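**Q** Provided below for reference: sequence and predicted model.
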Amino acid sequence: MRLTTKGRYAVTAMLDLAFHQDQGPITLADIADRQGISLSYLEQLFSRLRKKLLVASVRGPGGGYVLGREAGEIFIASVITAVDEKVDTTRCGGNHNCQDNERCLTHDLWHDLSDQIYDYLNRISLSDLMERRGVRQVAKRQDAEKQRSAEKATVSADVKFGSTRTGSGARA
């Protein structure tokens with residue numbers, strides 16, 4: 001099966017958005033920080049997700065993205081197909097030209113497997129994933145790591161600012 005990073009990152013970003021939707025619109029920069037996905041790549045993915053109405057953008061201060069519908073109504077297969085990915089295990093990409101421009105001996109087997117994978121992913125919603133204990137633990141860990149990073153940045157800025165003020169005060 002060939003599922004590229006495009007499909008994986010789209011699912012990951014949508015799941016992150018689902019976990020944080022109670023905080024209002026979520027910026028792509030926040031998702032990029034938590035998930036280690038490039039901001040420019042997320043912008044491309046969310047453009048496609050928005051066209052398929054899986055997300056909606058909110059402009060202005062405090063803006064970002066929200067889910068286009070309830071997490072329980074967004075299925076993983078629709079996220080993958082929204083970013084132009086296919087769930088296809090055939091060698092020919094479903095074109096029936098696997099061997100000498102003809103269908104190979106095992107084409108139907110791989111085609112049936114592709115259908116099974118798609119059906120499986122089409123039964124799993126974002127909400128289903130959010131309920132999984134392991135997924136919740138990872139989301140909590142990522143939030144804690146982001147909080148620690150933000151606190152370190154604040155302390156670093158305070159120390160830097162404080163030492164500048166102390167230094168100038170000492171000269172006066």
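**A** Arrived safely. Numbers count the residues shown, from 1 in each chain.
**Q** got the contact list for stretch 90-97?
**A** Contacts with stretch 90-97, where a contact means C-beta atoms under 8 Å, 6 or more residues apart in numbering, come from 86, 88, 98, 102-104, 107, 110-111, 114. In short, each C-beta sits where N, CA and C put it, glycine included.
**Q** what's the average pLDDT for that stretch?
**A** In this model, stretch 90-97 has an average pLDDT of 78.
**Q** swap in stretch 128-142?
**A** On average, the pLDDT along stretch 128-142 is 95.
**Q** sorry, back to before: among the contacts of stretch 90-97, which ones are in strands?
**A** Assigned to strands by DSSP state E, none of the contacts of stretch 90-97 qualify.
**Q** show me how to select, in PyMOL, the buried members of those residues.
**A** To isolate the buried ones among the contacts of stretch 90-97 in PyMOL, judged by 16 or more other C-beta atoms under 10 Å, type:
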select buried, resi 86+88+98+103+104+107+110+111+114
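**Q** just the strands from this protein, written as ranges.
**A** Along the chain, the segments classed as strands by DSSP E run 55-58, 64-67.
**Q** before we move on, back to that, now the two most distant members of the contacts of stretch 90-97.
**A** The span of the contacts of stretch 90-97, defined through C-beta to C-beta, is set by K86 and E102 at 21.0 Å.
**Q** which residue ranges form the helices in the protein?
**A** 5-20, 28-35, 39-51, 76-82, 107-121, 126-130, 133-171 (DSSP state H).
**Q** would a markdown table of those with distance to E70 be doable?
**A** What follows is the helices of the chain, written out as a markdown table (distance: least, C-beta to C-beta, whole Å):
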| stretch | distance to E70 |
| --- | --- |
| helix 5-20 | 9 |
| helix 28-35 | 19 |
| helix 39-51 | 15 |
| helix 76-82 | 13 |
| helix 107-121 | 18 |
| helix 126-130 | 7 |
| helix 133-171 | 18 |
